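**Q** Okay, structure incoming, though there's no sequence with it:
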């Protein structure tokens, strides 16, 4: 599904090597953690997958396509194939939970049955009853579930989550992780960037460990140890 | 489209201070442009009038071959008409204008020469025709009103150059006002735009509300400007037409409509270009 082929990313202004010769592959339908301390390169890795930045060296492939060579007008098509969940959820505060989802559908050119599709996605994260609530009226855990529903409402084959449990208490964090696991069971490839030792140890899946931009470990049932 | 329009309206309302400021700047710029355009059009009309009245007078020697001269001059392509005024007609005309000269005129021989009054197709050809006339036998002296026309032409040229500079300055002011206003709208909707980009919205989808916003700001500015300029011009013409009777104030709807249409189109264009500049800066992707 995704492949990093000897990827190096340097930020010339700060002379920072965010990633050094990172080389790995995640197959379709896999669930993988990207772990490491702050500044290890997790967010850079996700930004490269979304093609928000370009690698200094190497190539990044998504669904067999070298996205480093992708033309600008093709970027929306790449991003429609990727659902993205952030630590701060990035829900639009002036829209209800349901409207946040229909907004994503409308932005990607979907027109028919938007409300039904959005409601179905909310139902899958257990929040159909809160469809009219605005983000401020939801708990942090509920906000993150709505964000996951928004990421999945367009049925992307790949879901990226950048510290999705960073602001949550341990129980709610586990709920979110179970939700991401459900998403994965239904066939979506899921990549979670996190530095939460608890989650990675309790919910053991393939773990890629980054340290100072280098991929130092790649375990199929890894746990957190750095 | 309705979504983009609704978003644009929402942005204008949400950033109403920036929107009002932009509309004010654009209206001021456009009103000055409208005033300049109307002055220019009227000056052109004065010039046209003056040029139409301009004729060349060729004073002839006694015994000059009048008929031959008239035929020659009439055959020139620059010439619209030639009228012969005999010395008797000239004196009679002078006495009619100045009756006090009647007795004096009776006492002396008629000192006035025979004259050919020549009107040109294009008054700009005056120097050419003047040179050709000077070479004709029997032509003693030539007079024309080109000095007055040249003065007006110089004023018109200066106005055109000054006006061009003014247009650039005013349109730049309007453009920067729009760019700032759209930037404020973009800043306010940063999260929304970020979400749109990440879920895979096309550039066109993200850009359209801002382009519509720029279009609407331009359109509103144009409407306000015309709302001020049209009655303002009518009022000025009404007040000045009696006092400045020599100015043929432009009143025809076609010319005034053309100016209004151009101003409106310019305003909308500035709105669109300004917002396109702002959005393209923000939506640039790494390449």
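**A** Now that the structure is in, tell me what you want to look at. These numbers were taken from a predicted model, which means no experiment stands behind them.
**Q** got the contact list for whichever strand or helix holds residue A:181?
**A** Assigning secondary structure by DSSP states H and E places residue A:181 in helix A:170-185. Outside helix A:170-185, the residues that touch it by Cβ atoms under 8 Å, 6 or more residues apart in numbering or on different chains are A:29-31, A:124-125, A:139-141, A:144-145, A:148, A:152, A:159, A:161, A:164-165, A:168, A:190, A:192, A:196, A:198-199, A:202-203. Backbone N, C-alpha and C define where each C-beta goes, glycine included.
**Q** Give me the buried positions along that helix.
**A** The neighbour-count check on helix A:170-185 (16 or more other Cβ atoms under 10 Å in any protein chain shown) flags A:172, A:173, A:174, A:175, A:176, A:177, A:179, A:180, A:183, A:184 as buried.
**Q** cool, and stretch A:81-97?
**A** Of the residues in stretch A:81-97, those buried (16+ other Cβ under 10 Å) are A:81-87, A:89-92, A:96-97.
**Q** Check the buried residues of helix A:170-185 against residue B:153 and report the nearest one.
**A** residue A:183 (78.5 Å; Cβ to Cβ).
**Q** ok, which stretches of the chain are strands?
**A** All of this refers to chain A. In chain A, strands defined by DSSP state E lie at A:2-11, A:16-26, A:31-35, A:57-62, A:65-66, A:82-86, A:158-162, A:189-194, A:206-211, A:214-219, listed in chain order.
**Q** hmm, I had chain B in mind actually
**A** Going by DSSP E, chain B shows strands at B:56-60, B:79-85, B:115-120, B:139-143.
**Q** Which strands border the last one, and is each parallel or antiparallel?
**A** Within its sheet, strand B:139-143 is paired with strand B:56-60 (antiparallel), according to DSSP bridges.
**Q** and the nearest residue to residue A:23 once chain neighbours are set aside, what is it in contact with?
**A** With Cβ to Cβ, 6 or more residues apart in numbering or on different chains as the criterion, residue A:23 has its nearest non-adjacent residue at 5.2 Å, and that residue is residue A:6. For residue A:6, the contact set (Cβ under 8 Å, 6+ apart) comprises A:21, A:22, A:23, A:57, A:58, A:59.
**Q** Would you mind measuring from residue A:6 to residue A:78?
**A** Distance from residue A:6 to residue A:78, counting by Cβ to Cβ, to the nearest Å: 21 Å.
**Q** For the residue of the stretch 101-250 of chain B at minimum distance from chain A, grab the count of nearby residues.
**A** When scored by Cβ to the nearest Cβ, the stretch 101-250 of chain B has residue B:200 as its residue closest to chain A, at 3.4 Å. Using other Cβ atoms under 10 Å in any protein chain shown, residue B:200 is surrounded by 23 other residues.
**Q** and if you look at residue B:14?
**A** The burial count for residue B:14: 15, using other Cβ under 10 Å.
**Q** if I look at it, how far off is residue B:208?
**A** With distances taken as Cβ to Cβ, residue B:14 is found 17 Å from residue B:208.
**Q** Check the nearest residue to residue B:73 once chain neighbours are set aside and give its pLDDT.
**A** Distances taken as Cβ to Cβ, 6+ apart put residue B:82 closest to residue B:73, at 5.0 Å, once the chain neighbours are dropped. pLDDT, residue B:82: 91.
**Q** Contact partners for residue B:82?
**A** Residues counted as contacts of residue B:82 (Cβ under 8 Å, 6+ apart) are B:70, B:73, B:74, B:116, B:117, B:118, B:119.
**Q** quick one: which of those residues is nearest residue A:65?
**A** Of the contacts of residue B:82, the one sitting nearest to residue A:65 (Cβ to Cβ) turns out to be residue B:119, at 77.6 Å.
**Q** Run a quick check on that closest one versus residue B:73, I expect a contact.
**A** No. Counting by Cβ atoms under 8 Å, residue B:119 stays clear of residue B:73, with 10.8 Å between them.
**Q** Please identify every residue contacting each of those two.
**A** Contacts common to residue B:119 and residue B:73, judged by Cβ under 8 Å, 6+ apart, are B:79, B:82.
**Q** So for the two, which sits in the more crowded spot?
**A** A direct count of neighbours by other Cβ under 10 Å for residue B:119 and residue B:73 places residue B:73 higher, at 21 against 15.
**Q** Give me every residue in the stretch 151-287 of chain B lying close to chain A.
**A** B:191-192, B:194-203, B:205-206, B:285-287 (Cβ under 8 Å from any Cβ of the partner chain).
**Q** Show me which of these are buried.
**A** Buried by 16+ other Cβ under 10 Å: B:192, B:195, B:196, B:197, B:198, B:199, B:200, B:201, B:202, B:203, B:205, B:206, out of these.
**Q** and the nearest residue to residue B:224 once chain neighbours are set aside, how many residues sit next to it?
**A** Leaving aside its chain neighbours, residue B:224 sits nearest to residue B:27 (4.7 Å; criterion: Cβ to Cβ, 6+ apart). A count of nearby residues for residue B:27, using other Cβ under 10 Å, gives 23.
**Q** picking up where we left off before, the helix holding residue A:181 to strand A:158-162, inter-axis angle?
**A** Orientation check (axes from the mean of the first three to the mean of the last three Cα atoms, to 10 degrees): helix A:170-185 against strand A:158-162 gives 160 degrees.
**Q** so where's the chain shaky on pLDDT?
**A** I went with chain A, as the question did not name one. For chain A, the stretches with pLDDT under 70 are A:222-226.
**Q** sorry, should have said chain B
**A** Applying pLDDT under 70 to chain B flags residues B:1, B:51-52, B:105, B:149, B:287.
**Q** Format the strands of chain B as CSV; extra columns: distance to residue B:164.
**A** Converted to CSV, those look like this (distance: least, Cβ to Cβ, whole Å):
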stretch, distance to residue B:164
strand B:56-60, 33
strand B:79-85, 33
strand B:115-120, 29
strand B:139-143, 35
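**Q** What's the local residue count around residue B:53?
**A** 12.
**Q** Point me to the residue sitting closest to the centre of chain A.
**A** residue A:160 (1.5 Å; Cα atoms, centre = their mean).
**Q** give me every residue that touches that residue.
**A** By Cβ under 8 Å, 6+ apart, the contact set of residue A:160 is A:46, A:49, A:50, A:82, A:83, A:84, A:85, A:191, A:193.
**Q** ok, the nearest residue to residue B:4 once chain neighbours are set aside to residue B:279 distance?
**A** Counting by Cβ to Cβ, 6+ apart, the nearest residue to residue B:4 once its immediate chain neighbours are dropped is residue B:208, at 4.0 Å. Using Cβ to Cβ, residue B:208 is found at 9 Å from residue B:279.
**Q** now swap in residue A:147 and tell me
**A** 26 Å.
**Q** Out of the two, name the residue with the larger neighbour count.
**A** residue A:147 (28 against 25).
**Q** Surely that one and residue A:92 touch.
**A** No. Using Cβ under 8 Å, residue A:147 makes no contact with residue A:92, being 10.8 Å away.
**Q** Pull out the buried positions in stretch A:119-131.
**A** For stretch A:119-131, by 16+ other Cβ under 10 Å, it's A:119, A:121, A:122, A:124, A:125, A:127, A:128, A:130, A:131.
**Q** Quick one: residues contacting residue B:205.
**A** A:107, A:109, B:4, B:196.
**Q** Is it possible to mark the buried ones in those residues?
**A** Buried, going by 16+ other Cβ under 10 Å: A:107, B:4, B:196, out of these.
**Q** show me what contacts the second one?
**A** This means residue B:4. Contacts for residue B:4 (Cβ under 8 Å, 6+ apart) come out as B:205, B:208, B:209, B:212.
**Q** Could you do residue B:112 as well?
**A** Shown in contact with residue B:112 (Cβ under 8 Å, 6+ apart): B:87, B:90, B:91, B:94.
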